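Q: prediction below, plus the sequence it came from.
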Amino acid sequence: MAEQVRGVPAGLWTRCEKCGHMVYEKEVVEALQVCTECGYHRRIDARTRIEQLVDPGSFEEFAVDLHSVDPLGFKDRMPYTERLKREQERTGEVEAVVIGRAFIRGRRVILGVMNPNFIMASMGAVVGEKVTRAIERAAEENLPLVMVTASGGARMQEGMVSLVQMAKTSAAVARLDEAGGLYIVVATDPTTAGVAASFASLGDVILAEPGAMIGFAGPRVIANTINAELPEGFQTAEFMLEHGFVDRIVPRAHLRREIARIIDYAGK
């Protein structure tokens, strides 16, 4: 009788979307969702990011009662209200950003984390309002603000309402600066368009994860617009560091330590 061959359990090994190597999923999870072969930093949801960054049990979420509406009655492949409901059911989140108080290595902070799994963390009225509330709370309580960005930009389903969030969040950052607050941005893949052009680029210190895409429009759009070949690595975190748009590239495993160090340097 032929020996029965057992298959590999589903999900035990996965292929890295960057280097193509088969990697042991448990080891990747233990490495904070970073490929053990090439160091590729996977996109992660907001709750996973919070768990990785903050001291255990220290996160206290606020502004949880804000829900998006449909000011334009927008419909593409489906009505916007239906899209929101589907995303909420799929992700378990009400919106594309989570904000709250937390401790990072014993340092008390206001923390905001964008969720790339929720309509690509696009910024509509609720995202803009929650980001603004986090900024204002940091100023009121004289706490460092840490904002982890990951976004495809403005939420087209809300039209002009989404675009004015750029000015709204930027004005809030200006008020935080006037109050002497410390604002740390952690730019992750991708940080683009309206978010990159507003509060994601206004930090006192801007950190980025390795390989993160950071920029306004996509490389193909820019190349077609200016009719020129773009430099190698254009809009990567490394390119942005070289050209002065990012202060430091920090691997995910070192982010907690680096954020705490910056807070100490700033005397906050």
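A: Okay, I see it.

Q: okay, CA-based contacts and neighbour counts for the rest of this
A: OK.

Q: pLDDT below threshold where in this protein?
A: 1-10 (pLDDT under 70).

Q: 50 instead?
A: Within the chain, the stretches with pLDDT under 50 are 1-5.

Q: please parse it into its domains.
A: 11-40, 43-265 (automatic domain parsing).

Q: I'd like those as TSV, with mean neighbour count appended.
A: Listed next are these as TSV, based on neighbours: other Cα atoms under 10 Å:
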stretch	mean neighbour count
domain 11-40	15
domain 43-265	19
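
Q: now do Ala134 against Gly112, distance only.
A: 7 Å (Cα to Cα, to the nearest Å).

Q: mind listing the shared neighbours of those two?
A: Both Ala134 and Gly112 are contacted by 99-100, 145, under the criterion Cα atoms under 8 Å, 6 or more residues apart in numbering.

Q: now, which of those sits nearest Glu17?
A: Nearest to Glu17, judged by Cα to Cα, of the shared contacts of Ala134 and Gly112 is Ile99 at 29.7 Å.

Q: leaving out chain neighbours, which residue sits closest to that closest one?
A: Gly112 (4.3 Å; Cα to Cα, 6 or more residues apart in numbering).

Q: what does Thr169 give?
A: Thr169 sits nearest to Thr132 (Cα to Cα, 6+ apart), 5.4 Å away.

Q: are we agreed that that neighbour is in a strand?
A: No: assigned with DSSP: H, G, I helix; E, B strand; the rest coil, Thr132 falls outside any strand and is helix.

Q: tell me who's in contact with it.
A: 168-169, 172.

Q: could you pull out the helices in the stretch 101-250 of the chain for me?
A: Taking DSSP state H, counting those that start in this stretch as the criterion, the stretch 101-250 of the chain carries its helices at 125-141, 159-178, 193-196, 219-226, 237-242.

Q: in a markdown table, list these along with distance to Glu258.
A: Converted to a markdown table, the helices of the stretch 101-250 of the chain look like this (distance: least, Cα to Cα, whole Å):
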| stretch | distance to Glu258 |
| --- | --- |
| helix 125-141 | 19 |
| helix 159-178 | 21 |
| helix 193-196 | 22 |
| helix 219-226 | 30 |
| helix 237-242 | 16 |
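
Q: ok, the residue lying closest to Ala253 once chain neighbours are set aside to Ser151 distance?
A: Nearest-residue entry for Ala253: Leu32, 6.9 Å, with adjacent residues in sequence omitted and distances by Cα to Cα, 6+ apart. Distance of Leu32 to Ser151, given as Cα to Cα: 20 Å.

Q: with Val246 instead?
A: 17 Å.

Q: then Leu66?
A: Counting by Cα to Cα, the gap from Leu66 to Ser151 is 19 Å.

Q: repeat for Thr48
A: 16 Å.

Q: just checking, the residue nearest to Ala253 touches Ile50?
A: No: applying Cα atoms under 8 Å as the test, Leu32 and Ile50 come out as separate, 11.7 Å apart.

Q: tell me the strands beside the longest strand along the chain, with direction?
A: Secondary structure of the chain read by DSSP state E shows that its longest strand is strand 183-192. Paired with strand 183-192 in the same sheet, following DSSP bridges, are strand 145-151 (parallel), strand 205-208 (parallel), strand 214-215 (parallel).

Q: redo those strands as TSV? Include distance to Gly11.
A: Shown next, in TSV, are these (distance: least, Cα to Cα, whole Å):
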stretch	distance to Gly11
strand 145-151	26
strand 205-208	29
strand 214-215	30
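
Q: noted, bye for now.
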